[in-house]
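> please work out how this folds:
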Amino acid sequence: MIAALAAIPMLLCQASDSDALQGVGDIGSFLIWLYFVVELIILLRIWEDNVEFLRGHLLEVTVVIASSPFFLMAYEAESLFGIAPF
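Here you go, the predicted model:
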């Protein structure tokens with residue numbers, strides 16, 4: 001819960017006009033995302049049936065994957081070149 005709430009100030013930093021604050025926001029957002037990835041990996045290791053876990057927690061897995069900084073960078077790059085329809 002604390003990591004999810006920590007995302008709010010990071011979004012404000014990323015929206016700032018200051019390059020330094022944008023850098024802090026980018027690094028902070030990456031660390032928050034990394035926390036959720038580690039949490040997901042730990043839960044997969046603890047759960048006896050990984051397929052059951054993934055089916056039961058599909059939304060959480062989808063959010064972690066879709067909010068990946070690498071996924072977002074690829075989306076932004078495609079948008080810049082006019083490939084993405086949005």
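
> pLDDT value on the residue nearest in space to the middle of the chain, please?
The centre of the chain sits closest to residue 67, judged by C-alpha atoms, centre = their mean, with a distance of 3.3 Å. Residue 67 carries a pLDDT value of 83.

> contacting residues around it?
33, 36 (C-beta atoms under 8 Å, 6 or more residues apart in numbering). C-beta coordinates here come from the backbone N, C-alpha and C atoms, glycine included.

> now the residue of the chain most remote from its centre, what's its secondary structure?
Going by C-alpha atoms, centre = their mean, the residue of the chain most distant from its centre is residue 48, 25.5 Å out. At residue 48 the chain is in coil, as set by DSSP: H, G, I helix; E, B strand; the rest coil.

> mind saving the C-alpha coords of stretch 61-70 as PDB?
Extracted in PDB, the C-alpha atoms of stretch 61-70 (Å, rounded to 0.1, in the frame of the first residue of the first chain):
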ATOM      1  CA  VAL A  61       0.000  -9.300 -13.200                       C
ATOM      2  CA  THR A  62      -1.400  -7.300 -16.100                       C
ATOM      3  CA  VAL A  63      -0.900  -4.000 -14.300                       C
ATOM      4  CA  VAL A  64       2.700  -4.900 -13.400                       C
ATOM      5  CA  ILE A  65       3.500  -5.900 -17.000                       C
ATOM      6  CA  ALA A  66       1.600  -2.900 -18.600                       C
ATOM      7  CA  SER A  67       3.300  -0.400 -16.300                       C
ATOM      8  CA  SER A  68       6.700  -1.700 -17.100                       C
ATOM      9  CA  PRO A  69       9.100   1.200 -17.900                       C
ATOM     10  CA  PHE A  70      10.300  -0.800 -20.900                       C
END
